[in-house]
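Visitor: Below are the sequence and a predicted model; questions follow.
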Amino acid sequence: MPEHTVKRYDQELNQMTDTILRMGGMVEQQLAKAITALITRDPELATTVIADDKPIDQLEHEIDQLVMRLLALRQPMAVDLRLITASLKISSDLERIGDYAANVAKRASALSQVEPMRPVAVIPRMSQIVQGMIKDVLDAYMARDAEKALVVWRRDEEVDETYNSLFRELLTYMMEDPRHITPCTHLLFIAKNIERMGDHATNIAETISFLVTGKPLSEARPKGDTTPFATTPDCDGDETMTP
């Protein structure tokens, strides 16, 4: 970014970027701890993750205030204006990822009270993909690297495919034994929350691309979530449509 005549302006822009990166780092940790709470069946750790959501909300508020100040006092143009509006959108996406991580922790706490289930093992693999997306998209933001952001943007399809596979597996478990319905429902919500985190990381990638190039992406957004049209095996091995 070019330096401005008013040094305070550069300081405010740098402060905004640093706050975004700090917020992103906290979200990464929050997701990692939520998954650890799920795997280790640790309700105390889950409670900590839920409490971690408040500082993330506070950072979003700080960015909102800084953006309003910059718009009111600096009258930014061109790339500066794109940076400021992009940071506002990115902070909103990061805040939503933090909310989903807290939701995962809440359901991890509930699952710690019931018998362990094998499909839990798929969740960490799905989470690792999303954690990688969050880390890489933050690196792309820091470097103003549109190409790296596009790599993240294309990985969303991998998250959707993993979610589709887990969705079918969990439905099969529920059909086989009604006692599995409650824990599998919690796992379905956890998987969906992680899938939505991937969507928000993809949103950030699109925002970074626009920040750098000044143009919206011309490619169709990659989407692989087929669960609204999913089929599940019935008792005879045939397939039936899920409602």
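Guide: All right, it came through fine.
Visitor: need the contact list for Leu13.
Guide: By Cβ atoms under 8 Å, 6 or more residues apart in numbering, the residues touching Leu13 are 1, 70, 80, 83-84. Using the backbone N, CA and C atoms, a C-beta is placed for each residue, glycine as well.
Visitor: So which of those are in strands?
Guide: Among the contacts of Leu13, DSSP state E puts none in strands.
Visitor: Strands of this structure, start to end?
Guide: Going by DSSP E, the chain shows strands at 231-233, 239-241.
Visitor: ranking those strands by mean pLDDT, which is last?
Guide: When the strands of the chain are ranked by mean pLDDT, strand 239-241 comes last with a mean of 39.
Visitor: residues in contact with the most centrally placed residue in the chain?
Guide: With distances taken as Cα atoms, centre = their mean, the residue of the chain nearest its centroid is Met197 (2.2 Å). Going by Cβ under 8 Å, 6+ apart, Met197 touches 31, 97, 100-101, 130, 134.
Visitor: Pull up the per-residue confidence for it.
Guide: pLDDT at Met197 comes out at 98.
Visitor: ok, so what distance separates it from Thr207?
Guide: 16 Å (Cβ to Cβ, to the nearest Å).
Visitor: thinking again about what came up before, now the contacts of Leu13 as a markdown table including neighbour count?
Guide: A markdown table is the format used below for the contacts of Leu13 (neighbours: other Cβ atoms under 10 Å):
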| residue | neighbour count |
| --- | --- |
| Met1 | 11 |
| Leu70 | 22 |
| Asp80 | 17 |
| Leu83 | 20 |
| Ile84 | 21 |
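Visitor: quick one, helices of this structure?
Guide: 7-40, 43-51, 53-74, 78-111, 122-143, 146-176, 181-213 (DSSP state H).
Visitor: Output these as a markdown table; include the columns distance to Ala220.
Guide: Formatted as a markdown table, those follow (distance: least, Cβ to Cβ, whole Å):
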| stretch | distance to Ala220 |
| --- | --- |
| helix 7-40 | 27 |
| helix 43-51 | 35 |
| helix 53-74 | 30 |
| helix 78-111 | 20 |
| helix 122-143 | 19 |
| helix 146-176 | 11 |
| helix 181-213 | 12 |
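Visitor: Quick one: closest of the ones you listed to Glu219.
Guide: helix 146-176 (8.4 Å; Cβ to Cβ).
Visitor: Can you give me the buried ones in the closest one?
Guide: 146, 148-150, 152-153, 155-160, 162-164, 166-168, 170-171, 173-175 (16 or more other Cβ atoms under 10 Å).
Visitor: hey, which helix or strand in the chain has the poorest pLDDT?
Guide: The helix or strand of the chain with the lowest confidence, counting by mean pLDDT, DSSP states H and E, is strand 239-241 at a mean of 39.
Visitor: Report the spatially nearest residue to Asp156, omitting neighbours in sequence.
Guide: Thr202 (4.3 Å; Cβ to Cβ, 6 or more residues apart in numbering).
Visitor: hmm, I was thinking of Leu71
Guide: Ile84 (6.7 Å).
Visitor: I figured the one you found hits Met68, correct?
Guide: No: using Cβ atoms under 8 Å, Ile84 is not in contact with Met68; the gap is 9.8 Å.
Visitor: end to end, how far does stretch 69-85 reach?
Guide: Stretch 69-85 has its terminal residues 12 Å apart, counting by Cα to Cα, to the nearest Å.
Visitor: Would you mark the buried spots in that stretch?
Guide: So, applying 16+ other Cβ under 10 Å, buried residues of stretch 69-85: 70, 74, 76, 80, 82-85.
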